[in-house]
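*Asks:* Have a look; sequence and predicted model below, questions after that.
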Amino acid sequence: MVKILVTGHFSAGKTEFIKNITGDTLLTEVSLSSQEEKSVKEKTTVAMDYGKLEIKGKKVHLFGTPGQERFDFMLDILQ
Ligand SMILES: Nc1nc2c(ncn2[C@@H]2O[C@H](COP(=O)(O)OP(=O)(O)O)[C@@H](O)[C@H]2O)c(=O)[nH]1
Ligand SMILES: [Mg+2]
């Protein structure tokens, strides 16, 4: 089993990446409440993204972090 942590700045493309390469995806997208962030995109990740796939019989789990600084504490949990 392989676990991959996908991390990066707000709107870097983490959620889109996980959604596109995994067939089995759990998404936690909710509408943004900050007007400044809403000018960049409509929805954001709360908690984490999660997706799994299988490569050559090996299970691969991908975890995506939320991108905003206020969710930095999630990094410690997901690392
Ligand atoms: N053109 C293009 N847009 C992308 C790509 N990946 C993500 N986006 C767009 O960039 C914005 C942010 O992506 P998102 O996955 O929500 O970023 P996250 O905050 O890192 O999870 C969205 O509007 C996506 O549709 C990409 O590879 N190409
Ligand atoms: Mg996201």
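*Replies:* Yep, that arrived. Numbering: from 1, shown residues only. Ligands and ions are numbered 1, 2, ... in the order given.

*Asks:* For the residue nearest the centre of the chain, which non-adjacent residue is closest in space?
*Replies:* A centroid search over the chain (CA atoms, centre = their mean) returns residue 64, at 2.8 Å, as the residue closest to the centre. Closest residue in space to residue 64, ignoring its immediate chain neighbours: residue 49 at 3.2 Å, by CB to CB, 6 or more residues apart in numbering. In this view, the C-beta of every residue, glycine as well, is placed from N, C-alpha and C.

*Asks:* What's the local residue count around that neighbour?
*Replies:* Counted with other CB atoms under 10 Å, residues neighbouring residue 49 total 24.

*Asks:* List the beta-bridge partners for the residue nearest to the centre of the chain.
*Replies:* For residue 64, the beta-bridge partners are residue 6, residue 49 (DSSP bridges).

*Asks:* what's near enough to touch it?
*Replies:* Contacts for residue 64 (CB atoms under 8 Å, 6 or more residues apart in numbering) come out as 6-7, 14-15, 17-18, 45, 48-51.
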